[in-house]
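S.K.: Sequence isn't available, so here's the structure alone:
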């Protein structure tokens, strides 16, 4: 009887934890979308394909953020490096505006979760 009780308690705990994590990720994606729209969309585009409305005024075309996983990149690492100005491209150092003073680590995490949600499989 105690064994069954522990099994049921474990199953309920796992279910609750799983739903909390899912809700947290959904919340992060929602917040990330808002940050992306405010800080990234002008260059990277509404669908994050690198076709923002400022693209014609930029020397270097913004990255298509929907194919990072296809290119074998860690999305969180790529977003963090971009924000900190430590990412590279085919053009050596990219000229993306530094956002490290404008974004907290929480906001960087939210943006990375949103960008993860956009990845083409």
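M.R.: That came through, no problem. Source: prediction; values computed, not measured.
S.K.: which residue ranges form the helices in this structure?
M.R.: 2-39, 41-44, 75-84, 105-117 (DSSP state H).
S.K.: Report the central residue of this structure.
M.R.: Per CA atoms, centre = their mean, the C-alpha nearest to the average position across the chain is that of residue 112, at 1.5 Å.
S.K.: Would you agree it is in contact with residue 32?
M.R.: Yes: using CB atoms under 8 Å, residue 112 is in contact with residue 32, at 7.0 Å. Using the backbone N, CA and C atoms, a C-beta is placed for each residue, glycine as well.
S.K.: State the distance from residue 56 to residue 113.
M.R.: 30 Å (CB to CB, to the nearest Å).
S.K.: And the two? Which one has more around it.
M.R.: The residue with more neighbours, out of residue 56 and residue 113, is residue 113; 22 against 7, by other CB atoms under 10 Å.
S.K.: ok, the nearest residue to that one once chain neighbours are set aside - contacts?
M.R.: Closest residue to residue 113 apart from its sequence neighbours, by CB to CB, 6 or more residues apart in numbering: residue 28 at 4.1 Å. By CB atoms under 8 Å, 6 or more residues apart in numbering, the residues touching residue 28 are 109-110, 113-114.
S.K.: wait, isn't residue 102 in contact with residue 39?
M.R.: Yes: with contacts counted by CB under 8 Å, residue 102 reaches residue 39, the gap being 7.2 Å.
S.K.: Show me which of these two is the more surrounded one.
M.R.: Higher neighbour count among residue 102 and residue 39: residue 39, with 17 against 11, using other CB under 10 Å.
S.K.: how much space is there between the nearest residue to the more buried one once chain neighbours are set aside and residue 38?
M.R.: Leaving aside its chain neighbours, residue 39 sits nearest to residue 99 (6.3 Å; criterion: CB to CB, 6+ apart). The gap separating residue 99 from residue 38 is 11 Å, by CB to CB.
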